[in-house]
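In: Quick one, structure for this:
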Amino acid sequence: MNAAMLGTCLLIVLARIADVSFGTIRTICVVNGRRGIAWVLAIFEILIWLAVVSKVINSLNTPAYAIAYAIGYATGNFVGITIEKYLAFGEQVVRVFTRKGAELSAQLRDAGFGVTQLVGQGRDGPVDLLFVQTLRKMAPKAAKQAHQIDPDCFIVVDDIRSTSNAYARTALQSTSWLGMLKKK
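Out: This is a model prediction of the structure:
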């Protein structure tokens, strides 16, 4: 393998990482209803893909390009999921089942979370069910805080597709770039 072929393989890998990462994030934006950003990502994704796939198809007699294409694709999935995890689009509701509802509600509210508390009946008696609506990025913090206060609590985290009055969007957004990523 000469230097030119090695350079082309590297470019193919990097381009595939970029376009598959865009595709992964675009898909998550589509699922979350973020049409505008999904549209922009799709343009870049397909432009890169067309350039790379045309190079590979026009060079089918060079198996190294096909291997570079596959490596870039696989790595792009990994990178795309990692980027999306960092961006953490969307909102979640953290449901906490606890016997320390009053204490836990107060602590979570003091930390800036909106909490709705309900009383329920469990197998071993009364339990409190706390609903904590938050940005997806903040859900692990809410769950960790709940476990610190009540290590025996049971937690369920659900994605939120839409809400009628999103506490998380108004009370917890602190980064300016989120405005660009809002659902339109």
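In: Spit out the contact partners of R26.
Out: The contact partners of R26, by Cβ atoms under 8 Å, 6 or more residues apart in numbering, come to I37, A38, L41, A42, E45. Every C-beta, even on glycine, is put in place using the N, C-alpha and C of the backbone.
In: Excluding covalently adjacent residues, which one is nearest to the fourth one?
Out: Using Cβ to Cβ, 6 or more residues apart in numbering and skipping the chain neighbours, the partner closest in space to A42 is R26 (5.5 Å).
In: What strand or helix carries that neighbour?
Out: Secondary-structure assignment from DSSP states H and E places R26 in helix 3-31.
In: If you average the pLDDT over that helix, what comes out?
Out: The pLDDT scores in helix 3-31 average 93.
In: measure the residue nearest to A42 to R161 for me?
Out: Counting by Cβ to Cβ, to the nearest Å, the gap from R26 to R161 is 18 Å.
In: what residue is smack in the middle of the protein?
Out: A88 (3.6 Å; Cα atoms, centre = their mean).
In: In helices, which of the contacts of R26 fall?
Out: I37, A38, L41, A42, E45 (DSSP state H).
In: Tell me the pLDDT of the third one.
Out: In this model, L41 is scored at 95, pLDDT.
In: Quick one: end-to-end distance for stretch 53-73.
Out: For stretch 53-73, the first-to-last residue distance is 11 Å (Cα to Cα, to the nearest Å).
In: which of the residues in the helix holding R26 are buried?
Out: 8-9, 11-29 (16 or more other Cβ atoms under 10 Å).
In: right, and out of the ones in helices among the contacts of R26, which lies closest to K100?
Out: Nearest to K100, judged by Cβ to Cβ, of the ones in helices among the contacts of R26 is I37 at 40.3 Å.
In: Verify the contact between Q117 and D128 for me.
Out: Yes - using Cβ atoms under 8 Å, Q117 is in contact with D128, at 5.7 Å.
In: Can you work out which other helices and strands pack against the longest strand along the chain?
Out: Secondary structure of the chain per DSSP state E: the longest strand is strand 125-135. For strand 125-135, the packing partners by 3 or more Cβ pairs under 8 Å, 6 or more residues apart in numbering; DSSP states H and E come out as strand 91-98, helix 101-110, strand 114-122, helix 139-149, helix 167-171.
In: Which strands border that strand, and is each parallel or antiparallel?
Out: Take DSSP bridges as the rule and strand 125-135 pairs in its sheet with strand 91-98 (antiparallel), strand 114-122 (antiparallel).
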